[in-house]
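A.B. asks: no sequence for this one, just the structure:
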C-alpha cells in the first residue's frame, strides 16, 4: 500500500500535459472586477459613438433643412459601405468607425448638395433640350465633376480617419488616379442615367445607393489585414451575455 501511495503522490506532482493544463484553465472561473469595468466602459463608449453617429446627421438636417435628405443619404451610405467593405475584408468595424463614416458623409453633403455651389445643383443647370445638351452634361459630369468629387472624397476620408495633414499628399498621389479610373469604369455609366432622368431631389440618394451597391457586390479591397484589426467572429448571441455573466459571477463571489 505504501508503494501505491507513493505512486499516487508522484502522479499528482508530475507535470501536466498541455491538454490537461487547458482543461484546468477552462475550469477556472472567468470574470474579474477589472474585466467587468472594462466591459462597462466599452459599452458606454459604444452607446456614445452610436448616438453621435445617428445624432450628427439629425442635427445637420435640423440646421440645414434644404440638405436634410442628402445628409441622411450620404451619411447612411458611407456607414453601410465602410461596414460592408470591412466585413468583406475580415476587419473590425467598431462604433467609432461608424462615427467616422457618418461624419465623412456629413462633410461631403454641402459639397454635393449646397443649392449654390453643390456639384449636383450645378450640373443640373446644364440644359438637356437636345442631343448636344446631353453630350455636354455627360462630358462635364465625367470630366469635371467626377475628378473634383473624388479628390474631395479622399481628402475628407484621410483627414477624418487620420486626423492629420501629414502624409496627405503622398496618399493622394498613390490613391487618387486608380480610384478615379475605377469610378469612371464602374459608376460613371450608370450615374449618367441618374443625372439625365432623375429629379434633382432624388439624385444624391440614388447616387448614394449606387455607390453602396458597388461596394456590396464588388470585390473587397486588397491588402493583408493586421491581426489587431481582424474582425471578432464570435456570434452575437454568445458575446452579448458575457457582461451579465461576469457581473453575476462577481456578485456571487464577493
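C.D. replies: Ah, there it is. Since this is a predicted model, take the numbers as computed values, not measurements.
A.B. asks: could you measure from residue 205 over to residue 189?
C.D. replies: According to C-beta to C-beta, to the nearest Å, residue 205 and residue 189 sit 19 Å apart. Glycine gets a C-beta too; all of them are placed from N, C-alpha and C.
A.B. asks: what of residue 63?
C.D. replies: Taking C-beta to C-beta, one finds residue 63 at 36 Å from residue 189.
A.B. asks: same deal with residue 155?
C.D. replies: 25 Å.
A.B. asks: so for residue 205 and residue 189, which residue has more residues nearby?
C.D. replies: residue 205 (18 against 11; other C-beta atoms under 10 Å).
A.B. asks: ranges for the helices of the stretch 151-254 of the chain?
C.D. replies: 168-197, 200-217, 236-239, 242-252 (DSSP state H, counting those that start in this stretch).
A.B. asks: and the longest one, average pLDDT?
C.D. replies: Put plainly, it is helix 168-197. The pLDDT scores in helix 168-197 average 94.
A.B. asks: got the angle between it and helix 200-217?
C.D. replies: 120 degrees (axes from the mean of the first three to the mean of the last three C-alpha atoms, to 10 degrees).
A.B. asks: how far does helix 168-197 sit from the chain's center?
C.D. replies: 19 Å (C-alpha atoms, centre = their mean, to the nearest Å).
A.B. asks: likewise the second one?
C.D. replies: On the basis of C-alpha atoms, centre = their mean, helix 200-217 is displaced by 16 Å from the centre of the chain it belongs to.
A.B. asks: which parts of it are buried?
C.D. replies: Along helix 200-217, these residues count as buried under the neighbour rule (16 or more other C-beta atoms under 10 Å): 203-212, 215.
A.B. asks: same thing with the first one?
C.D. replies: In terms of neighbour count (16+ other C-beta under 10 Å), helix 168-197 has its buried residues at 172, 176, 180, 183, 187, 191, 194-195.
A.B. asks: between those residues, which is closest to residue 141?
C.D. replies: Closest to residue 141 out of the buried residues of helix 168-197 is residue 195 (5.8 Å), distances taken as C-beta to C-beta.
A.B. asks: what comes into contact with stretch 117-125?
C.D. replies: The contact list for stretch 117-125 (C-beta atoms under 8 Å, 6 or more residues apart in numbering) reads 110-115, 137, 140-141, 145, 148-149, 195, 200, 203-204, 207.
A.B. asks: any of those residues buried? List them.
C.D. replies: Looks like the contacts of stretch 117-125 have 110-114, 137, 141, 145, 149, 195, 203-204, 207 buried, using 16+ other C-beta under 10 Å.
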